[in-house]
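J.: Task: produce atomic coordinates for the following.
(chains A and B)
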Number of protein chains: 2
Amino acid sequence: MKYVALVFALFAGLCSAQESGSFQPSTTNVWAAEYPRVDTAGRVEIRIKAPDATKVKVNFWSGPKIDMVKQADGFWTVTTPALVPGFHYYTVIVDGAEVSDPNTQAYFGGGKPASAVEVPEPGSTYYSIQNVPHGQVREVWYNSKVTGSWRHALVYLPPDYDKDTKTRYPVLYLQHGAGEDETGWVRQGHANVILDNLLAARNCKPMIVVMAYGYAARAGEAPVDLFAKGFGSPEMMKAMQDMAVVFEDDVTQALIPFIDSTYRTLSDRDHRAMAGLSMGGMQTFQITLNHLDLFSYIGGFSGAAGVLSKFDVKTAHNGVFADPAAFAKKVHLLWFGVGTKEPEWMRAGIVRLHTSLDEAKIQHVFYESPGTDHEWQTWRRDLNDFAPRLFK
Amino acid sequence: MKYVALVFALFAGLCSAQESGSFQPSTTNVWAAEYPRVDTAGRVEIRIKAPDATKVKVNFWSGPKIDMVKQADGFWTVTTPALVPGFHYYTVIVDGAEVSDPNTQAYFGGGKPASAVEVPEPGSTYYSIQNVPHGQVREVWYNSKVTGSWRHALVYLPPDYDKDTKTRYPVLYLQHGAGEDETGWVRQGHANVILDNLLAARNCKPMIVVMAYGYAARAGEAPVDLFAKGFGSPEMMKAMQDMAVVFEDDVTQALIPFIDSTYRTLSDRDHRAMAGLSMGGMQTFQITLNHLDLFSYIGGFSGAAGVLSKFDVKTAHNGVFADPAAFAKKVHLLWFGVGTKEPEWMRAGIVRLHTSLDEAKIQHVFYESPGTDHEWQTWRRDLNDFAPRLFK
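T.: Residues are numbered from 1 along each chain as shown, chains lettered A, B, ... in the order given. The predicted model follows:
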């Protein structure tokens, strides 16, 4: 963390020296698109065509929401203030219609295909593809009796999986956040690249990573729109928690048996981990703490038990934290993290959980990502810190 | 084809008997989205929020382009006439801004993430997921010296690939069209599902299918925007052909060696096929006919040699068609297809190719997809007819 902070300080120093001529197309752009583009200070130029619109705004979900300016050619443009390094979702609001910018690839977030820019982090190589052995990500469809449907998941297999055909591997279940989907950890998070790079540096064990679709409705029931009453509303929190119960059944009754019968896994609890971001963290705590017969490593990235509601260490999750010695024997790793720039309620909830568990003498790791918000740069760092602690 | 035509006739009969209460959310929708929705007649209802817009149109690329109507709640709605079964791209034009509808998943087409609806084809099961053994689709990144970059491809492996660890498989290289990308054949086309179903019915050989990214610029050169001068413009055709030359080097010098060293392939020409749709068909003819040392099966789906320009059988592709006996000895299958409702210039070009080759006594298969346009339903049928003819 000190190293990261130092890089940030250097970076801030660089910014002021930058000139405006250094804008480059974002790595998230579609083929040959020149906009959006990003300079080394982290400023972003956006340009979209909307010749007959009267008002166009750009809406960075964890950043500036600013009016764009109409040019004579029918395009609207804007340059943002400097954004912190990392992946930033945004939409464009054209006369009240919130839509994505056709110049970037679509990244599923906010319950829809969204736009994004990538602001490079100077000196950072851990989430960019390197000339090291690469694992492969597989698309699978599994049949779930819980939901009565075929469900899509992505599965990362380590580089030697095809070669070492006798080796069995531990498994990390890794979940996306509310509004995202099973593609987020690869496309936004670069989880496969992070694992490849950790492995090449011998900083983690080879493992299988399963990224599932975190929405679920019971067979015959209609899907519930989490965002119908607004993002962050009490109705959304309730719907998320109801859905987590269905997802718990899907994971334990359909997904885990499918993975264990399809891949060469080590299928005991000592070799199964789960982690997730935001809503995925909430799901992780619920699923793992209800099934300590199945899991022994637990990670919450900007989301965990007790973030949304008051957390009583003695009674939470059926009293699983009441006996620290028994808990430490069962759970090999309890990990949670939060970005220092996340919304206060989120940060406060995670810090409160950390403090409560400290007081209750429950061993855990608490990680703070310097300078980052409730966004993917936080979660990339989380994974990079979390994965090396697994299956030791 | 007669069977298909019969189904169509029945379907047309059904349409007139339909009532309007039968609309269902499109299978392309995001979680819990009720719109767009489709009735059994193939009509589509679209609804998007644009409270401050003055004009909103829906734009089906191979279908209706119609004004939407503003409702009191700030949403705009429209119901289209009946569309033929299949996958239909569309965008929405909000005060001149052509954008995607946030209610559907994004499908890469037209050089950007686009929206789409799926109109079910009555009685058709070949492209929908069935309870049969499933192959897995793998994401790979290969390093290309031709482009000086890491390139993403998808690779379908047949269901028994992991089990029969001594078996080697033939390979089909399968390309997307202009404006699409390497994800198209799985997400829009359901190529993996089509192969699974053919295999389960013992209608094709187990094979590996490689779906690569068909855009390429030489290392150090800037990517060329195919659509800068408009879709279908002479500049686009020229840019596409220039790009095909770079892609040819990428396929033959980087992709094929990567696939053959990564998977258990049969790596001789007798076990390598290539096919592609539209631009991918043009690329296929160029690459395979320039490299008959590498390929022996060739498919053009609504795109092939001679579609764009006059085709002289004696001289085209360095005279490869000049000697029918020599050609038949080399090429085990030459296949091309077109939909009966495709734009006249496209259809005429493919029919002319068919006629020229017939006159020159070059053996080939010519397939017409009844009632379908330059769209994915044509290409799903193409693959379903083409794949069973491979590697016999």
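
J.: For residue A:204, see how far away the closest residue to residue A:182 other than its chain neighbours is.
T.: Nearest residue to residue A:182, sequence neighbours excluded (Cβ to Cβ, 6 or more residues apart in numbering or on different chains): residue A:213, at 4.5 Å. C-beta: built from backbone N, CA, C; applies to glycine. As judged by Cβ to Cβ, to the nearest Å, residue A:213 and residue A:204 stand 25 Å apart.

J.: before we move on, what about residue A:171?
T.: Distance from residue A:171 to residue A:204, by Cβ to Cβ: 14 Å.

J.: Compare the two (neighbour count), which wins?
T.: residue A:171 (25 against 22; other Cβ atoms under 10 Å in any protein chain shown).

J.: Please name the residues that touch the spatially closest residue to the more buried one that is not a sequence neighbour.
T.: Once flanking residues are discounted, residue A:171 sits nearest to residue A:208: 4.6 Å by Cβ to Cβ, 6+ apart. Going by Cβ atoms under 8 Å, 6 or more residues apart in numbering or on different chains, residue A:208 touches A:155-158, A:161, A:169-172, A:259, A:263, A:265.

J.: what does residue A:83 give?
T.: So residue A:83 contacts A:42-44, A:60, A:63-64, A:117, A:119 (Cβ under 8 Å, 6+ apart).

J.: for the residues you listed, which one is nearest chain B?
T.: residue A:117 (14.7 Å; Cβ to the nearest Cβ).

J.: Surely that closest one touches residue A:26?
T.: Yes: the pair residue A:117 / residue A:26 is scored as a contact, 4.3 Å apart, by Cβ atoms under 8 Å.

J.: overlap in contacts of these two?
T.: By Cβ under 8 Å, 6+ apart, residue A:117 and residue A:26 have these common neighbours: A:36, A:38, A:44, A:104.

J.: In chain A, mark out all the helices, start to finish.
T.: According to DSSP state H, chain A carries its helices in the segments A:2-17, A:184-187, A:191-200, A:234-249, A:256-262, A:279-290, A:316-319, A:324-330, A:344-359, A:376-386.

J.: got those as a markdown table, with distance to chain B and mean pLDDT columns?
T.: Compiled in a markdown table, the helices of chain A are given as follows (distance: least, Cβ to the nearest Cβ, whole Å; pLDDT from 0 to 100):
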| stretch | distance to chain B | mean pLDDT |
| --- | --- | --- |
| helix A:2-17 | 24 | 39 |
| helix A:184-187 | 7 | 98 |
| helix A:191-200 | 8 | 98 |
| helix A:234-249 | 10 | 94 |
| helix A:256-262 | 8 | 98 |
| helix A:279-290 | 13 | 96 |
| helix A:316-319 | 27 | 87 |
| helix A:324-330 | 33 | 95 |
| helix A:344-359 | 23 | 92 |
| helix A:376-386 | 18 | 98 |
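
J.: Please list the residues of the stretch 51-200 of chain A that sit near chain B.
T.: Within reach of chain B by Cβ under 8 Å from any Cβ of the partner chain, the stretch 51-200 of chain A has these residues: A:51-56, A:74, A:92, A:94-100, A:102-103, A:105-106, A:108, A:111-113, A:129, A:131, A:134, A:136-141, A:143, A:150, A:165, A:181, A:186, A:192.

J.: I'd like to know which of these are buried.
T.: The neighbour-count criterion (16 or more other Cβ atoms under 10 Å in any protein chain shown) marks A:53, A:56, A:92, A:94-100, A:102-103, A:105-106, A:108, A:111-113, A:129, A:134, A:136-141, A:150, A:181, A:186, A:192 among these as buried.
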